[in-house]
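**Q** Predicted structure and sequence below. I'll ask about it afterward.
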Amino acid sequence: MNLQPLLKRIGRGASGARSLERHEAAELFSWLFDGLLDPAQVGAVLIALRMKGESVEELVGALDALQGRQERISVEAGRPVVSIPTYNGARNAPNLVPLLACLLAREGIQVILHGVRHDPGRTASAEIWSALGRHPCESIGQAEVSLQRGEPAFVPIDILAPPLARMLGFRTLLGLRNTGHTIAKLFNPTALPACLRLSAYTHPEFDRLQRATLERLEAHAMVMRATEGEVVANVRRPSRIDW
């Protein structure tokens, strides 16, 4: 590993920093996911990318690195499948993600929710899921059985992609979100390319970035402005949804 040349390129501030190529980002995130960097290096990389702002090639490279380090949920190819990332929860408005999942499943769609189990200070979707008596899946096999029964499956990110869960955990330590929170909204939890990925943004620059990344991947996706960070349409005001 030779981190310094990559860190020098992304860590020179908003004006001097340059983005990595796709293969370079894939290598860097492989080191991050595999726990090969020490804490100081991890913090430097995450803060440098946040200050610079990720590029499309860097996000695609990070997703390349994640592919071999995540589980894949088997789904029926003959039925539509939707992936709903839920990593924010709600602080002020009702969290409607579980309702969205149940309504879609009622229409015969295979629904996979993936996200964190808890979010301090917010109402996490996993907590609502448990309150409904459904409970998050504790294995990929459980998720596949739920889908076969026509039920939505909530898969915690620590089950679906443990390396990504560890990266998300740095938010508590650093007090800031990182690239992991972006790629969590973009990756496909299934082996089916036609899986429809829902994604949401809170700042306009992430609208452009997510759309460009999903177009680069030629992914089936819908992108919308987030409601308190979640991928549900705001019931108080109309918003654009791009397919």
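**A** Sure, I can see it. Only a predicted model underlies this, so the values are computations on that prediction, with no experimental measurement involved.

**Q** CA only for contacts and neighbour counts going forward, please
**A** Noted.

**Q** Tell me how far the residue nearest to the spatial centre of the chain lies from residue 85.
**A** Most central in the chain under CA atoms, centre = their mean is residue 184, positioned 1.4 Å from the mean C-alpha point. Distance of residue 184 to residue 85, computed by CA to CA, to the nearest Å: 7 Å.

**Q** repeat for residue 139
**A** Distance of residue 139 to residue 85, given as CA to CA: 17 Å.

**Q** Among these two, which residue is more densely surrounded?
**A** residue 85 (28 against 14; other CA atoms under 10 Å).

**Q** and residue 239, how many neighbours?
**A** Neighbour tally, residue 239, other CA under 10 Å: 12.

**Q** so it, which of the three states?
**A** Recorded secondary structure, residue 239: coil (DSSP: H, G, I helix; E, B strand; the rest coil).

**Q** residues contacting it?
**A** 224, 225, 233 (CA atoms under 8 Å, 6 or more residues apart in numbering).

**Q** For this structure, which segments count as helices?
**A** Shown for the chain, the helices assigned by DSSP state H span residues 3-10, 13-16, 22-33, 39-52, 56-67, 97-106, 125-131, 140-148, 157-160, 162-174, 179-183, 204-217.

**Q** Mind telling me which of those helices the model trusts least?
**A** Across those, helix 13-16 has the smallest mean pLDDT, namely a mean of 81.

**Q** name the helices or strands packed onto that helix?
**A** If contacts are counted by 3 or more CA pairs under 8 Å, 6 or more residues apart in numbering; DSSP states H and E, helix 13-16 sits against helix 39-52.

**Q** Give the other helices and strands that the helix it packs on contacts.
**A** helix 3-10, helix 13-16, helix 179-183.

**Q** Turn these into CSV, columns for mean neighbour count.
**A** Shown next, in CSV, are these (neighbours: other CA atoms under 10 Å):
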stretch, mean neighbour count
helix 3-10, 15
helix 13-16, 12
helix 179-183, 20
